[in-house]
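# please work out how this folds:
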Amino acid sequence: MDDAVKRFRQIFGCKQDIIQERLCSSICRPTDLEWLPRWAILGKDCNETEWHATPHRKMWEWLFIYHALSERKMLMSSRKGLGFGVGKEPLSSVFTSLGCSITATDAPPDMSTGWEETNQYGKHINDLFNSHFVEYNRFFSNVRFEYVDMRHIPPHLNEYDFLWSSCALEHLGSLYAAKEFIYRAMDCLKPEGIAVHTTEINLSSSSETLVSSNDSILRTVDFIEIAEHLVRQGHCVEPLDFRLDGSALDELVDEPPYSLPHFKLEVGGYVSTSFCLIIRKRTGDNK
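Okay, here's the model as predicted:
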């Protein structure tokens with residue numbers, strides 16, 4: 001096994017020192033929310049916005065995506081970003097406030113079953129505008145919205161500096177479809193572009209897992225497979241860190257009907273949480 005692949009295989013255990021100089025591909029740890037907001041510039045003062053303190057893995061996902069892109073110099077004027085399965089998340093507004101031009105996408109209406117009922121479906125650009133983060137004219141001058149089936153990414157979505165998805169790829173119907181989306185999405189980026197994806201990870205088993213039309217949960221072995229495949233394609237994957245933080249919140253498992261705190265959850269008989277995968281596309285001459 002070559003060194004490029006070996007560096008993805010991390011030892012399981014508890015991560016004692018959460019703060020690190022640069023984010024890697026990482027599992028959701030509740031104590032991350034103690035330090036992630038300190039770096040954020042979401043809104044005028046992230047410490048004054050109530051939603052940043054919400055003990056929920058979705059908050060972790062948004063902040064982790066933001067910081068992963070920010071520290072890689074993606075969130076600035078002239079950068080172009082592409083969001084998949086954005087629903088009503090605030091990231092399009094946040095990124096636009098920092099000078100980015102954004103293409104935001106969500107599933108076509110005939111594929112939105114279940115998401116409208118839970119008020120998570122983005123069917124219009126107005127669903128993405130958040131006045132807390134960005135001025136109206138700036139947002140609507142720099143964001144466009146279109147419907148996209150993530151299983152069939154249209155070829156005109158290309159030449160982006162960065163792209164992201166937040167807990168969307170596990171809903172594509174199979175583990176294969178989830179992995180293929182990650183691979184195909186790399187074609188949307190410029191050389192050296194950054195892809196950041198969050199999805200669910202199975203904490204109960206590295207062999208069995210939930211696979212259904214609504215939710216297919218990747219295992220640790222799947223993330224290693226994805227990383228190895230991307231490396232073979234010439235891309236750079238930030239090291240995979242599966243270590244938990246050992247906190248009291250990390251011991252709690254939320255069960256249906258879900259409430260707070262919500263970092264680990266039971267779904268389909270498995271305990272899962274979120275995982276963030278960070279990828280840099282190969283350079284133009286590395287094929």
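
# how far does the helix or strand encompassing Val231 sit from the chain's center?
Assigning secondary structure by DSSP states H and E places Val231 in helix 220-232. Its chain's C-alpha centre and that of helix 220-232 lie 16 Å apart, by C-alpha atoms, centre = their mean, to the nearest Å.

# ditto for stretch 238-257
On C-alpha atoms, centre = their mean, the centre of stretch 238-257 falls 16 Å from the chain's centre.

# related to what we said a few turns ago, which other helices and strands contact the helix holding Val231?
helix 3-6, helix 175-185, strand 189-202, strand 236-237, strand 240-241, strand 270-280 (3 or more C-beta pairs under 8 Å, 6 or more residues apart in numbering; DSSP states H and E). The way it works is simple: take the backbone N, C-alpha and C, and place the C-beta from them, glycine included.

# and those as TSV, adding mean neighbour count?
Formatted as TSV, the helices and strands packed on helix 220-232 follow (neighbours: other C-beta atoms under 10 Å):
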stretch	mean neighbour count
helix 3-6	10
helix 175-185	18
strand 189-202	22
strand 236-237	20
strand 240-241	20
strand 270-280	23
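
# weakest of those by average pLDDT?
Sorting these by mean pLDDT places helix 3-6 lowest, at a mean of 43.

# do you know which of the helices and strands packed on helix 220-232 lies nearest Ile102?
Among those, the nearest to Ile102 by C-beta to C-beta is strand 189-202 (13.9 Å).

# for the helix holding Val231, buried residues please.
220, 222-224, 226-228, 230-231 (16 or more other C-beta atoms under 10 Å).

# now the helices and strands packed on helix 220-232 in JSON lines, with distance to Asp106?
Putting the helices and strands packed on helix 220-232 into JSON lines (distance: least, C-beta to C-beta, whole Å) gives the following:
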{"stretch": "helix 3-6", "distance to Asp106": "35"}
{"stretch": "helix 175-185", "distance to Asp106": "14"}
{"stretch": "strand 189-202", "distance to Asp106": "16"}
{"stretch": "strand 236-237", "distance to Asp106": "26"}
{"stretch": "strand 240-241", "distance to Asp106": "28"}
{"stretch": "strand 270-280", "distance to Asp106": "19"}
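
# thinking again about what came up before, next, the angle from the helix holding Val231 to helix 175-185.
30 degrees (axes from the mean of the first three to the mean of the last three C-alpha atoms, to 10 degrees).

# can you get me a residue count around Ser141?
11 (other C-beta atoms under 10 Å).

# hmm, I was thinking of Leu91
Neighbours of Leu91 (other C-beta under 10 Å): 23.

# low-scoring pLDDT stretches of the stretch 151-287 of the chain, where are they?
Counting by pLDDT under 70, the stretch 151-287 of the chain shows low-confidence ranges at 285-287.

# go again with 50.
287 (pLDDT under 50).

# can you give me the strands in the stretch 1-150 of the chain?
25-27, 80-84, 101-106, 143-147 (DSSP state E, counting those that start in this stretch).

# Gly193 versus Gly284, what's the distance?
Per C-beta to C-beta, to the nearest Å, Gly284 is found 11 Å from Gly193.

# could you dump the strands of the stretch 1-150 of the chain into CSV with distance to Pro256, mean pLDDT and mean neighbour count added?
Output for these, formatted as CSV (distance: least, C-beta to C-beta, whole Å; pLDDT from 0 to 100; neighbours: other C-beta atoms under 10 Å):
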stretch, distance to Pro256, mean pLDDT, mean neighbour count
strand 25-27, 22, 95, 24
strand 80-84, 26, 98, 24
strand 101-106, 25, 97, 24
strand 143-147, 30, 96, 16
